[in-house]
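S.K.: Got a sequence here, can you build the structure:
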Amino acid sequence: NLLRATETCADARFVHVGSSLEFGPRARPLRPDDPLLPTTPRGVAKAAAALLCAEAARAGRPVVIVRPFSVYGPWEAPTRLVPRAILAALRGEELPLTGPGYRRDYVHVDDVADGILAALRAPGVEGQAFQLGTGEQWANEELVEQVAKVVGRPLRVRPGAWPASPSDVGHWVADATTSRARLGWSPRHDLESGLAHTVAWF
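M.R.: Model prediction:
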């Protein structure tokens, strides 16, 4: 619908925001040229949208695809891990947690916004796809330890009390080499500074 709605301004660059879920899990960093093998409904929907955008690019539309990894920061839904951990630490509540070992590449929302703007502005990147991730992955229990450190309060957890989701796997991290080289983009926040910004917002 968006591609059709913007046909009359076809010279304007169209940046599609996809998802790392389009790839499905791999035991190595995910690259933008990896085949799309999604294993979740959201990943399938995002992969289908990316294929439509790639088709438009082949037809001559100036389309760029960006794929954020695990985005966190202000305004994130309170049911997700980072807000739940922050609120539990601030309130002194116990946090139900998944079993150990599930990992994600957490990228701050401001860095994702910077990546989208870079995809709009960088010269000569039409028809390409880029990863928006830090290249570093954290297990859920490690993330919670970082939240407790930033808040400055111990955080009680119940490992295994929160069910794992289909996207919870032991390895999920971006290879953002192309994003750095072609977009001139790299995240400004490491996990500690990004969490500090998010805790201050809460």
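
S.K.: okay, CA-based contacts and neighbour counts for the rest of this
M.R.: Fine.

S.K.: report the longest strand in this structure, please.
M.R.: Longest strand in the chain, counting residues (DSSP state E): strand 63-68.

S.K.: How far off centre is it?
M.R.: Centroid separation for strand 63-68 versus its chain: 12 Å, with CA atoms, centre = their mean, to the nearest Å.

S.K.: so what does it touch, helix or strand wise?
M.R.: strand 14-17, helix 41-58, helix 109-121, strand 129-132 (3 or more CA pairs under 8 Å, 6 or more residues apart in numbering; DSSP states H and E).

S.K.: Looking at those, spot the one closest to Pro68.
M.R.: strand 129-132 (4.4 Å; CA to CA).

S.K.: Can you name the residues in contact with that closest one?
M.R.: 20, 31-33, 64-69, 107, 112, 115, 174-176, 178-179 (CA atoms under 8 Å, 6 or more residues apart in numbering).

S.K.: average pLDDT for the next helix or strand after that strand?
M.R.: Using DSSP states H and E, the helix or strand that follows strand 129-132 in sequence is strand 138-139. Summarised as a single mean, pLDDT over strand 138-139 is 98.

S.K.: other SSEs contacting strand 138-139?
M.R.: Secondary-structure packing of strand 138-139 (3+ CA pairs under 8 Å, 6+ apart): strand 103-104.

S.K.: Parallel or antiparallel, list what pairs with the strand it packs on.
M.R.: Strand pairing for strand 103-104, determined by DSSP bridges: strand 138-139 (antiparallel).

S.K.: any idea which helix or strand comes after the strand it pairs with?
M.R.: Once the chain leaves strand 138-139, the next helix or strand it forms, by DSSP H and E, is helix 140-151.

S.K.: Pull the residues that contact the helix or strand that that following helix is followed by.
M.R.: Later in the chain than helix 140-151, the nearest helix or strand by DSSP H and E is strand 157-159. Strand 157-159 is contacted from outside by Glu94, Leu95, Pro96, Leu97, Thr98, Gly99, Pro100, using CA under 8 Å, 6+ apart.

S.K.: Distance of the third one relative to Ala118?
M.R.: Read that as Pro96. Pro96 sits 38 Å away from Ala118 when distances are taken as CA to CA, to the nearest Å.

S.K.: Tell me the spacing between the spatially most central residue of the chain and Leu95.
M.R.: For the chain, the residue sitting closest to the mean C-alpha position, by CA atoms, centre = their mean, is Phe69 at 2.1 Å. Distance, Phe69 to Leu95, by CA to CA: 23 Å.

S.K.: same thing with Arg42?
M.R.: 26 Å.

S.K.: out of the two, which sits in the busier spot?
M.R.: Leu95 (21 against 14; other CA atoms under 10 Å).

S.K.: Can you tell me the closest non-neighbouring residue to the more buried one?
M.R.: Excluding its sequence neighbours, the residue lying closest to Leu95 (CA to CA, 6 or more residues apart in numbering) is Val157, at 4.6 Å.
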